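>>> Quick one: sequence plus predicted model below, questions after.
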Amino acid sequence: MSLNPHRPWRNITRRPSRQIWVGKVPVGGDAPISVQTMTNTITSDVTATLGQVLRAADVGADIVRVSVPDEDATRALKEICRESPVPIVADIHFHYKRAIEAAEAGAACLRINPGNIGDESRVREVIKAAKDHGCSMRIGVNAGSLEKHLLDKYGEPCPEAMLESGLDHIKILQDNDFHEFKISVKASDVFLAAAAYTALAEATDAPIHLGITEAGGLMAGTVKSAVGLGNLLWAGIGDTIRVSLSADPVEEVKVGYEILKSLGLRTRGVQIISCPSCARQGFDVIKTVDALEKRLEHIKTPMSLSIIGCVVNGPGEALMTDIGFTGGGAGSGMVYLAGKQSHRLSNEQMIDEIVRMVEDRAAQIAAEEQAAE
Ligand code: SF4
């Protein structure tokens, strides 16, 4: 991300990391921070799993992870990988054969901890399969499943134990001359996750996959993820993220994007700036924003839109957004384009007209981009 010389207080300096590839998606280095999610269907149900992958990709998922607990799953993976518009990560725990099958089936990345799959010969077989099929790997340390010897050594899951686990797994891959990996050290406790990730960021230049694991339901998990991931991203740590929610994977992707958007790390679709509304509002702000969020979901072009109830904050917010609407006046409000007053709109026409203006502007930006190519 380029630094902003005029507003240095907005700058985030990302931690330098190596770049790897998850299929066609670069992770680390100067690549945009990618957004991931994970399916929660039975993987062998190809229709259901692929349906979920497609819906997640449609709202912006760059990468989707799929569990492969058994042979039925790795068989289904072949078709899922072939049909998916985004790279698929195969999630493997202890069965090294599933990892080899997943690599053969076209997975772009294996989520696997090499220290958990048995002896050196098995590790070598998995690494060979990954190399042969162009797979990267993700080491996924989790506070809830740390190795017994580390729990014995440290007494409980702690940042030091998580870091040691991660570095042990890294060493196995490096000793086998495998360097296409990223790493995560997830915990459901934000303090533990933040401390572990901060230590990891110091200790390795591998790209980092961020996540607060088992964060909870849509509301609580969103807040927890925003606090935990937001803190790390703000400090420049993190090359790819997954928000873990007990909710539809589509929601995980949307929340992931919102976290990145709020820090200016990525843009996608319409970012709506709206006031909470009060007795001064010239129209029903809450209902309007709710309707606009739904009707503008299909817009992928980055754009900002301010929907403000009255002139107290409306003109000021409109200065910083592409399109603005400020309430006030008898049943009508003012439209702003690029910060300048444009025309008045009645409250009744407002939603339809704003949707039309956003769609027109998105088409115009797309045409300009095409002409510049
Ligand atoms: S912008 Fe106006 S309507 Fe919105 S909260 Fe502030 S004073 Fe109230």
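Thanks, I have it.
>>> which ones are touching Leu66?
One correction, residue 66 is Val, not Leu. Counting by CB atoms under 8 Å, 6 or more residues apart in numbering, Val66 touches 38-39, 43, 49, 53, 73, 77, 80, 88-91. Yep, even glycine has a C-beta here, placed from its N, CA and C like the rest.
>>> Same check on Tyr257?
35, 59-60, 266, 268-269.
>>> Repeat the analysis, applying 6 Å as the threshold.
Residues counted as contacts of Tyr257 (CB atoms under 6 Å, 6 or more residues apart in numbering) are 35, 60, 268.
>>> And the contacts of Val66, which is closest to Arg280?
Proximity of these to Arg280 (CB to CB) peaks at Met38, which lies at 44.1 Å.
>>> between the contacts of Val66, which has the most around it?
Highest neighbour count within the contacts of Val66, by other CB atoms under 10 Å: Val89, with 30 neighbours.
>>> Now that one: which helix or strand?
Val89 belongs to strand 88-91 when assigned by DSSP states H and E.
>>> which residues touch that strand?
Strand 88-91 is contacted from outside by 64-68, 81, 102, 107-111, using CB under 6 Å, 6+ apart.
>>> Tabulate these in TSV, adding columns for pLDDT, secondary structure and distance to the ligand.
Output for those, formatted as TSV (pLDDT from 0 to 100; DSSP: H, G, I helix; E, B strand; the rest coil; distance: CB to the nearest ligand atom, whole Å):
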residue	pLDDT	secondary structure	distance to the ligand
Val64	98	strand	39
Arg65	98	strand	41
Val66	98	strand	44
Ser67	96	strand	45
Val68	96	coil	50
Cys81	98	helix	48
Ala102	97	helix	52
Ala107	98	coil	49
Ala108	98	coil	46
Cys109	98	strand	45
Leu110	97	strand	50
Arg111	96	strand	45
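>>> Produce a ChimeraX select command limited to the buried residues of those.
Those of the contacts of strand 88-91 that count as buried under 16 or more other CB atoms under 10 Å are selected in ChimeraX with:
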select :64,65,66,67,68,81,102,107,108,109,110,111
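>>> Would you reformat the contacts of strand 88-91 as CSV and include distance to Ala206?
CSV is the format used below for these (distance: CB to CB, whole Å):
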residue, distance to Ala206
Val64, 21
Arg65, 18
Val66, 23
Ser67, 23
Val68, 23
Cys81, 24
Ala102, 21
Ala107, 19
Ala108, 17
Cys109, 13
Leu110, 15
Arg111, 14
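>>> and the gap between the residue with the largest distance to the centre of the chain and Ser346?
Of all residues in the chain, Ala330 has its C-alpha farthest from the mean position, at 42.7 Å, by CA atoms, centre = their mean. Going from Ala330 to Ser346 by CB to CB, to the nearest Å gives 9 Å.
>>> again with Gly29
Gly29 is 50 Å from Ser346, by CB to CB.
>>> Kindly report the same for Val64.
Here Val64 is placed at a distance of 44 Å from Ser346 (CB to CB).
>>> The residue of the stretch 51-200 of the chain found nearest the ligand: neighbouring residues, count only.
Scanning the stretch 51-200 of the chain for proximity to the ligand using CB to the nearest ligand atom identifies Val59 as nearest, at 28.6 Å. Neighbours of Val59 under the rule other CB under 10 Å: 21.
>>> got the contact list for it?
250, 253-254.
>>> what residues are up against the closest residue to the ligand within the chain?
Scanning the chain for the residue nearest the ligand gives Gly309, at 2.7 Å (criterion: CB to the nearest ligand atom). Residues counted as contacts of Gly309 (CB under 6 Å, 6+ apart) are 275, 277, 281, 285, 327.
>>> Could you tell me which residues of the chain lie near the ligand?
The chain has residues 275-278, 280-281, 308-310, 312-313 near the ligand, with proximity defined as CB under 6 Å from any ligand atom.
>>> Let me have these in CSV, extended by distance to Ile241.
Below are the residues of the chain next to the ligand laid out as CSV (distance: CB to CB, whole Å):
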residue, distance to Ile241
Cys275, 29
Pro276, 28
Ser277, 31
Cys278, 35
Arg280, 38
Gln281, 35
Ile308, 30
Gly309, 33
Cys310, 36
Val312, 35
Asn313, 31
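>>> the helices in the stretch 251-373 of the chain, which residues?
285-295, 314-318, 347-372 (DSSP state H, counting those that start in this stretch).
>>> gap between the nearest residue to Pro157 once chain neighbours are set aside and Val185?
Leaving aside its chain neighbours, Pro157 sits nearest to Ala143 (4.0 Å; criterion: CB to CB, 6 or more residues apart in numbering). For Ala143, the distance to Val185 (CB to CB) stands at 8 Å.
>>> Could you check which of those two is surrounded by more residues?
A side-by-side neighbour count of Ala143 and Val185, using other CB under 10 Å, places Val185 first with 29 against 22.
>>> does the residue nearest to Pro157 really touch Cys158, like I thought?
No: taking CB atoms under 6 Å as the definition, Ala143 is not a contact partner of Cys158, at 8.5 Å.
>>> This completes my enquiry, with thanks.
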